[in-house]
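> this one's structure only:
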Ligand SMILES: Nc1ncnc2c1ncn2[C@@H]1O[C@H](COP(=O)(O)OP(=O)(O)OP(=O)(O)O)[C@@H](O)[C@H]1O
């Protein structure tokens with residue numbers, strides 16, 4: 001199962017909107033790659049182009065070295081969950097999958113297998129119109145798995161799910177990658193991917209912002225920042241600023257200091273007779289690292305009413 005997704009210099013515009021602007025990245029087998037960016041960053045468009053649902057203006061998006069449209073048995077090559085609401089409500093879950101299997105030349109027995117895998121066997125003869133969002137997501141995932149493909153793509157799969165459903169999808173994604181599949185999963189919330197993704201492709205306004213492992217991203221975001229607590233915060237701020245540090249007041253009695261090592265901070269404050277109740281290297285959360293990265297590429301900000 002050594003199939004990957006290769007996106008090279010991809011460009012796509014809709015009228016005057018540039019949705020994807022020269023994007024390149026790879027989704028490798030055996031890993032869950034998180035595809036992250038603020039709303040409107042171009043994630044869905046990129047996925048649609050990879051799946052041949054939209055044509056690129058420039059560049060390429062290949063699955064196992066070939067464009068989607070030239071794949072002879074697409075469902076055996078790539079499975080995708082884009083829009084879980086797209087199944088006709090009058091159709092029964094099992095019939096939907098049987099029709100897909102028939103249309104794609106897949107054995108009927110796969111339908112029972114994937115229904116078991118996603119936990120829908122007991123409701124397989126019910127109409128999809130009566131399904132909850134979580135059940136629809138599971139059906140969409142069953143459809144993606146039908147051809148047992150080496151490449152999987154999920155667009156915001158945990159949207160609107162309860163914690164049990166979220167945990168189920170996370171475990172499924174991890175186990176699919178552990179079997180050697182290339183798994184691409186998008187989200188506009190980095191936190192959602194914290195326990196799931198090995199690798200991250202972060203985009204904003206259609207461009208690549210970071211292509212990195214989760215670990216590297218956290219290390220970069222944490223680097224050189226020290227957090228300290230002191231009851232005499234404003235005096236500590238001026239002592240450290242005079243020594244050349246950049247100092248930000250965060251919580252009530254807390255400062256975040258950049259530009260001085262922790263030992264130097266301790267010495268300076270000690271010499272000035274200022275009490276320090278806590279002094280530690282800052283450990284950034286993934287969400288924090290992401291906010292930092294995408295600060296300039298958020299299209300729609302909520303203005304706070306004054
Ligand atoms: N069919 C379309 N016609 C016109 N504009 C579109 C179309 N599809 C996407 N866009 C625009 O392209 C940009 C990228 O949209 P896209 O849906 O790919 O972003 P996204 O990262 O998936 O966002 P979200 O997290 O909100 O789904 C947006 O400005 C969007 O309005």
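That came through fine. None of these values were measured; they are calculated from a predicted model. Numbering: from 1, shown residues only.
> in which helix or strand does residue 75 reside?
Here residue 75 sits within helix 74-77, counting by DSSP states H and E.
> buried ones in that helix?
74, 75, 76, 77 (16 or more other CB atoms under 10 Å). Where C-beta positions appear, they are placed from N, C-alpha and C, glycine not excepted.
> how many other residues sit next to the closest residue to residue 91 other than its chain neighbours?
Sequence neighbours aside, residue 128 is the residue nearest to residue 91 in space, at 5.5 Å (criterion: CB to CB, 6 or more residues apart in numbering). For residue 128, the neighbour count with other CB atoms under 10 Å is 20.
> residue 128 contacts residue 92, correct?
Yes. If you go by CB atoms under 8 Å, residue 128 and residue 92 touch, sitting 7.1 Å apart.
> and the helices in the protein?
Ranges of helices in the chain, per DSSP state H, are 43-50, 74-77, 93-103, 109-118, 133-145, 163-178, 214-222, 233-242, 262-271, 286-294.
> dump the residue contacts of residue 244.
Residues in contact with residue 244, defined by CB atoms under 8 Å, 6 or more residues apart in numbering, are 259, 260.
> how close does it sit to residue 89?
65 Å (CB to CB, to the nearest Å).
> minimum distance to the ligand: which of the helices of the chain has it?
With CB to the nearest ligand atom as the criterion, the ligand lies closest to helix 43-50 of those, at 3.2 Å.
> how about the residues of this protein near the ligand?
Within the chain, the residues that sit near the ligand (CB under 6 Å from any ligand atom) are 14, 17, 19, 37, 39, 40, 41, 42, 43, 44, 45, 188.
> what packs against the lowest-mean-pLDDT helix or strand in the chain?
In the chain, no helix or strand scores lower on mean pLDDT, DSSP states H and E than helix 286-294, which sits at a mean of 77. The helices and strands touching helix 286-294, judged by 3 or more CB pairs under 8 Å, 6 or more residues apart in numbering; DSSP states H and E, are strand 199-204, strand 207-213, helix 214-222.
> the longest one vs helix 286-294, what angle?
Angle between the axes of helix 214-222 and helix 286-294 is 70 degrees (criterion: axes from the mean of the first three to the mean of the last three CA atoms, to 10 degrees).
> check contacts around the nearest residue to residue 193 once chain neighbours are set aside.
Nearest residue to residue 193, sequence neighbours excluded (CB to CB, 6+ apart): residue 34, at 3.8 Å. For residue 34, the contact set (CB under 8 Å, 6+ apart) comprises 185, 186, 187, 190, 193, 196, 197, 199, 200, 201, 214.
> can you check residue 288 too?
Shown in contact with residue 288 (CB under 8 Å, 6+ apart): residue 221.
> ok, it to residue 200 distance?
Taking CB to CB, one finds residue 288 at 14 Å from residue 200.
> go on, residue 86?
27 Å.
> list the beta-bridge partners for the residue nearest to residue 193.
residue 185, residue 200 (DSSP bridges).
> what residues of the least confident helix or strand of the chain count as buried?
Of the residues in helix 286-294, those buried (16+ other CB under 10 Å) are 286, 288, 289, 290, 293, 294.
> excluding chain neighbours, what is closest to the fourth one?
What sits nearest to residue 290 in space, not counting adjacent residues and going by CB to CB, 6+ apart, is residue 190, at 3.6 Å.
> wait, that neighbour sits on residue 287?
Yes. Using CB under 8 Å, residue 190 makes contact with residue 287 at a distance of 5.0 Å.
> for residue 18, which non-adjacent residue is spatially closest?
Per CB to CB, 6+ apart, closest to residue 18 is residue 206, 5.6 Å.
> can you pull the contacts of the nearest residue to residue 189 once chain neighbours are set aside?
Once flanking residues are discounted, residue 189 sits nearest to residue 287: 7.5 Å by CB to CB, 6+ apart. Contacts for residue 287 (CB under 8 Å, 6+ apart) come out as 189, 190, 191, 194.
> would JSON lines of those with pLDDT be doable?
Shown next, in JSON lines, are the contacts of residue 287 (pLDDT from 0 to 100):
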{"residue": "189", "pLDDT": "79"}
{"residue": "190", "pLDDT": "79"}
{"residue": "191", "pLDDT": "78"}
{"residue": "194", "pLDDT": "81"}
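> in ChimeraX, how would I select the buried members of these?
Per 16+ other CB under 10 Å, the buried members of the contacts of residue 287 correspond to this ChimeraX selection:
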select :190,194
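> closest to the ligand out of the contacts of residue 287?
residue 189 (9.5 Å).
> tell me how many other residues crowd the closest residue to residue 21 other than its chain neighbours.
Spatial nearest neighbour of residue 21, excluding adjacent residues (CB to CB, 6+ apart): residue 206 at 3.6 Å. Here the count is done by other CB under 10 Å, and residue 206 has 24 residues near it.
> thanks a lot, catch you later.
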